[in-house]
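J.: the amino acid sequence is not available; the structure is as follows:
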């Protein structure tokens with residue numbers, strides 16, 4: 001048995017080492033895009049109080065911003081943003097280590113998770129708060145069956161997870177409600193205190209994000225007409241963001257998988273069934289009423305399912321059921337492997353965003369005191385993040401001011417809005433205009449044009465140089 005355990009650990013180490021080297025090499029080829037850059041610029045350019053006031057307008061909890069804070073404040077060289085990318089990569093690697101060394105699954109399930117587009121591409125290469133979610137969920141899955149003996153650690157993990165992203169708030173709420181119920185029922189004073197702190201923490205997130213609806217980007221306009229066709233479209237989007245395509249086969253696979261999971265959880269553990277159903281309904285409601293879907297968000301439900309199986313896997317005695325679970329998990333995750341390869345190939349060969357090369361052009365060709373006006377702040381942050389602090393600030397008419405990060409609670413932004421050329425040429429003899437998202441002047445020749453991008457056309461830039469008459 002000892003020999004088999006050593007062999008298993010060596011295999012885990014080898015797989016994780018290969019995974020670490022491969023994803024790190026790919027990380028070196030990934031250009032930061034708007035949503036990644038926004039976090040860095042907010043914590044770099046605002047005071048702690050300013051960060052607290054601003055982040056609520058973005059609809060995010062604060063944890064990832066606080067983790068990036070010391071790097072953004074201390075490091076000021078032109079490519080300091082890589083420290084955030086490295087932090088993100090290390091956290092994802094730690095999450096995979098927890099999965100490989102502490103989860104009850106066999107090597108086939110673990111490897112299929114690793115080879116999915118979520119873990120081969122989205123989580124390790126896109127530096128966002130999503131990196132914390134698999135790490136914390138896998139830790140929670142490992143400690144769940146020992147939560148009564150470790151209520152403080154268990155409660156702390158729920159609090160940390162709840163402060164990563166609003167998409168996991170439902171999952172954390174389900175855990176917290178069960179935690180409070182069990183603690184009161186058992187009259188465990190230590191657990192009651194811990195559960196109370198967890199519930200207060202969740203309440204503070206609600207008050208923080210939803211306390212000022214007119215300022216919050218996410219909740220200020222969430223009403224939509226919902227019908228069967230719309231719900232069907234949302235479900236198809238979830239499948240698309242998981243696998244990169246939608247057809248009858250993978251739609252049937254995901255549908256059967258979700259039903260199968262529900263049946264297994266209901267039979268084996270009613271509490272886990274409650275967590276699963278509550279999370280499923282919550283996340284789907286988020287997509288329908290509040291926020292759009294991204295690949296990382298779509299994967300969160302799969303992570304919750306992994307958590308549920310972590311908890312009940314050892315309770316399943318029939319080998320045939322375990323084999324079915326293995327086949328289902330491997331199929332669902334491996335179906336996204338072709339999409340992972342496509343994304344990795346594109347990111348390696350082409351630019352994910354034109355921000356870095358556009359910043360290089362600006363540093364070499366445009367004076368620091370030049371007047372630079374833009375038409376869409378949220379995309380140009382991917383340029384600003386590669387420029388030194390307090391140099392080459394951009395001006396936006398909607399703000400009537402210079403900016404580095406996008407302020408969501410100010411004037412609504414439209415990527416097609418034109419720049420008021422006449423006004424600016426009356427005030428400045430020379431102006432530079434940066435345009436993105438296809439809003440280009442057909443009769444003017446740009447002095448710079450970035451390449452086509454992998455992710456979105458909003459990350460492609462053109463720079464125009466205009467002189468007054």
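T.: Structure's in. What do you need? The structure presented is a predicted model; accordingly, all values stated were derived computationally and were not measured.
J.: for the rest of this, base every contact and every neighbour count on C-alpha atoms.
T.: OK.
J.: okay, now the spatially closest residue to residue 42 that is not a sequence neighbour: neighbour count?
T.: Leaving aside its chain neighbours, residue 42 sits nearest to residue 405 (6.1 Å; criterion: CA to CA, 6 or more residues apart in numbering). Using other CA atoms under 10 Å, residue 405 is surrounded by 27 other residues.
J.: ok, the nearest residue to residue 449 once chain neighbours are set aside - contacts?
T.: In this structure, residue 449 finds its nearest non-sequential neighbour in residue 462, 4.4 Å apart by CA to CA, 6+ apart. Residue 462 makes contacts with 434, 435, 436, 440, 446, 447, 448, 449, 450, as judged by CA atoms under 8 Å, 6 or more residues apart in numbering.
J.: quick one on the thing from earlier: quick one: secondary structure of the residue nearest to residue 42?
T.: Put simply, residue 405 is coil when judged by DSSP: H, G, I helix; E, B strand; the rest coil.
J.: now it: how far from residue 279?
T.: 33 Å (CA to CA, to the nearest Å).
J.: then residue 118?
T.: Relative to residue 279, residue 118 is positioned 19 Å away (CA to CA).
J.: try residue 269
T.: 16 Å.
J.: which helices and strands does the helix or strand containing residue 182 pack with?
T.: Using DSSP states H and E, residue 182 sits within helix 169-186. Counting contacts by 3 or more CA pairs under 8 Å, 6 or more residues apart in numbering; DSSP states H and E, helix 169-186 packs against helix 151-162, helix 189-210, helix 270-285.
J.: now, of the ones you listed, which is deepest in the fold?
T.: Comparing the helices and strands packed on helix 169-186 by mean neighbour count (mean count of other CA atoms under 10 Å), helix 151-162 ranks first with a mean of 21.
J.: so for that one, mean pLDDT?
T.: For helix 151-162, mean pLDDT is 97.
J.: ok, now which ones touch residue 190?
T.: Neighbours of residue 190 in contact, by CA under 8 Å, 6+ apart: 151, 152.
J.: what about it, distance to residue 182?
T.: 12 Å.
J.: and residue 151, by the same measure?
T.: 11 Å.
J.: now residue 245, what's its secondary structure?
T.: Criterion first, three-state DSSP; result for residue 245: coil.
J.: repeat that for residue 395.
T.: Per three-state DSSP, residue 395 ends up strand.
J.: that one and residue 405 touch, don't they?
T.: No. In this structure residue 395 lies outside contact range of residue 405 using CA atoms under 8 Å: 11.2 Å.
J.: list phi and psi for the residue nearest to residue 42.
T.: Backbone torsions of residue 405, given as degrees, to the nearest 10, read phi -100, psi 160.
J.: OK, contacts around it?
T.: Taking CA under 8 Å, 6+ apart, we find residue 405 in contact with 38, 41, 42, 377, 378, 381, 384.
J.: what sits against the nearest residue to the fourth one once chain neighbours are set aside?
T.: Okay, so that is residue 377. Nearest non-adjacent residue to residue 377, counting by CA to CA, 6+ apart: residue 406, 5.4 Å away. By CA under 8 Å, 6+ apart, residue 406 lies in contact with 38, 377, 378, 381.
J.: am I right that the second one is in contact with residue 398?
T.: No. Checked against CA under 8 Å, the pair residue 377 and residue 398 is beyond contact range at 9.3 Å.
J.: more crowded one of the two?
T.: Counted by other CA under 10 Å, residue 377 and residue 398 do not tie: residue 377 has more neighbours, with 27 against 17.
J.: tell me who's in contact with that one.
T.: So residue 377 contacts 396, 403, 404, 405, 406, 413 (CA under 8 Å, 6+ apart).
J.: quick check, the second one in contact with residue 395.
T.: It refers to residue 403. Yes. Residue 403 is in contact with residue 395 according to CA under 8 Å; the separation is 6.2 Å.
J.: give me the helices and strands touching the longest helix along the chain, please.
T.: In the chain, taking DSSP state H as the definition, the longest helix is helix 2-27. Applying 3+ CA pairs under 8 Å, 6+ apart, one finds that helix 2-27 contacts helix 82-102, helix 123-125, helix 337-349.
J.: out of the contacts of residue 377, which one sits closest to residue 274?
T.: Closest approach between the contacts of residue 377 and residue 274, by CA to CA: residue 406, at 39.1 Å.
J.: kindly provide the distance from the closest one to residue 209.
T.: 18 Å.
J.: what sits closest to residue 436 if chain neighbours are left out?
T.: Residue 436's closest residue in space is residue 461 (CA to CA, 6+ apart), at 4.8 Å.
J.: give me the number of residues near that neighbour?
T.: Neighbours of residue 461 using other CA under 10 Å come to 28.
J.: packing partners of whatever helix or strand residue 373 lives in?
T.: Element membership for residue 373, per DSSP H and E: strand 371-374. In terms of contacts (3+ CA pairs under 8 Å, 6+ apart), strand 371-374 is packed against strand 394-396, strand 430-436.
J.: between these, which gets nearest to residue 134?
T.: strand 430-436 (33.5 Å).
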